[in-house]
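# Sequence and predicted structure, then a few things I'm wondering about:
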Amino acid sequence: MVGWIFLVVVVVLVFWAMSIYNGLVATRNHYKNAFAQIDVQLKRRYDLIPNLVETAKGYMAHERDTLEAVIKARNQAVTAAQTASGSPGNPAAMMALGQAESALTGVLGKMFALAEAYPDLKANQNMLALQEELTSTENKVSYARQGYNDSVMAYNTRRESFPDAIFAGMFGFLAAELLQATESAEERKAPQVKF
């Protein structure tokens, strides 16, 4: 009789441990999926930028340095996004992505500010359409980033809660990093974009 009770207790404990492990896997996969949604929107953003630069190039011939800075920042952001998509939640990758995105946003803001001096560019229908698409994509990136951060918070809360914390440590469930803005308070101000 004692043997059967012991066996039932062991079976219950095994199923309980499996449930915790599976829950940790599910929340980890949820935040990885949330990052994939960011990645989709970032790729869309990165694809728009060369078209935007090409459209502006004809009008802003004297602003070559700014246009080259936009392309350089875009390429750095693409590289950071590829690294981050390889290991979503990795603190170094998330920080690098945040910094690259901040730099890209800064040079895009500078380009839009310089475009104010070119009335023909401001009236160009292609430029207006690209600017609208970029604004829409920025909003989608923001929502995807919020979803990712919510998923990371749920995962980190679960892996730090008892008894999940015991199993998280045993099975190598590491803390995931939030995707945060890295700019200063001055840089956090939205760039004024008017076409």
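Received, thanks. Residues are numbered from 1 along each chain as shown.
# Quick check, Gln37 in contact with Gln146.
No - counting by C-beta atoms under 8 Å, Gln37 stays clear of Gln146, with 10.4 Å between them. Bear in mind the C-beta positions are built from the backbone N, C-alpha and C, glycine included.
# biggest helix in the protein, by residue count?
helix 2-57 (DSSP state H).
# which strands and helices sit next to it?
helix 64-86, helix 91-115, helix 125-160, helix 164-170 (3 or more C-beta pairs under 8 Å, 6 or more residues apart in numbering; DSSP states H and E).
# can you give me the angle it makes with helix 125-160?
Helix 2-57 and helix 125-160 meet at an angle of 160 degrees, taking axes from the mean of the first three to the mean of the last three C-alpha atoms, to 10 degrees as the criterion.
# how far off helix 91-115 does helix 2-57 point, in degrees?
20 degrees.
# nearest to Leu42, of the helices and strands packed on helix 2-57?
Comparison of these against Leu42 by C-beta to C-beta identifies helix 64-86 as nearest, at 5.0 Å.
# and the angle from that closest one to helix 91-115?
150 degrees.
# Tell me which residues of the helix or strand bottoming out on mean pLDDT in the chain come out buried.
None of the helices or strands of the chain scores lower by mean pLDDT, DSSP states H and E than helix 119-123, at a mean of 76. Of the residues in helix 119-123, Leu121 count as buried by neighbour count, 16 or more other C-beta atoms under 10 Å.
# Extract the C-alpha set from it and format it as PDB.
Extracted in PDB, the C-alpha atoms of helix 119-123 (Å, rounded to 0.1, in the frame of the first residue of the first chain):
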ATOM      1  CA  PRO A 119       9.400  72.800 -51.600                       C
ATOM      2  CA  ASP A 120       9.300  70.600 -54.700                       C
ATOM      3  CA  LEU A 121      10.300  67.600 -52.500                       C
ATOM      4  CA  LYS A 122       7.600  68.500 -50.000                       C
ATOM      5  CA  ALA A 123       5.000  68.400 -52.800                       C
END
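# what packs against that helix?
So helix 119-123, by 3+ C-beta pairs under 8 Å, 6+ apart, packs with no helix or strand.
# which of the helices and strands packed on helix 2-57 is buried the deepest?
Greatest average neighbour count among the helices and strands packed on helix 2-57 goes to helix 91-115 (a mean of 19), per mean count of other C-beta atoms under 10 Å.
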